[in-house]
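**Student:** Got a sequence here, can you model it:
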Amino acid sequence: QVQLQESGPGLVKPSQTLSLTCTVSGGSITTNYYYWSWIRQPPGKGLEWMGAIAYSTYYSPSLKSRTSISRDTSKNQFTLQLSSVTPEDTAVYYCARAYYSGTYTYDYWGQGTQVTVSS
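**Tutor:** Residues are numbered from 1 along each chain as shown. Model (predicted):
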């Protein structure tokens, strides 16, 4: 059974960089068949795909200039960095695993972590 767990600060100040880590157990993040993804949900809004890492990295065009996703295979973790945050970046952040078989399917999710951007 694959499990994903997000970790990181719950409060970030405006203009700072938000950093989150997703720890994966029960499966290896070195498997490039899967897209290890970050998704967020601002309050009162829908899910927003931010980016993913597989054999390459992929970013949402609207966030690409501020987003970086990387992985540490020795720890079986992948990380999200979002720079120059504003209160509009307040959201529940999820890490998830996806695969492509005609369409993208998300089969495992973390429980999500609330991040608030406020001074």
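**Student:** Gly26 versus the closest residue to Pro43 other than its chain neighbours, what's the distance?
**Tutor:** Spatially, and ignoring its direct neighbours in sequence, Pro43 is nearest to Thr90 (6.8 Å; Cβ to Cβ, 6 or more residues apart in numbering). Quick note: C-beta positions are derived from backbone N, CA and C, even for glycine. Taking Cβ to Cβ, to the nearest Å as the measure, Thr90 falls 31 Å from Gly26.
**Student:** Neighbour count for those two, which is higher?
**Tutor:** Legend: neighbour count by other Cβ atoms under 10 Å for Thr90 and Gly26, higher for Thr90 (17 against 10).
**Student:** Would you mind confirming that the more buried one makes contact with Pro42?
**Tutor:** Yes: between Thr90 and Pro42 there is a contact under Cβ atoms under 8 Å: 6.5 Å.
**Student:** For Thr67, list each beta-bridge partner.
**Tutor:** Per DSSP bridges, the residues bridged to Thr67 are Leu82.
**Student:** mind listing what it touches?
**Tutor:** Residues near Thr67 by Cβ atoms under 8 Å, 6 or more residues apart in numbering: 50-51, 59-60, 80-83.
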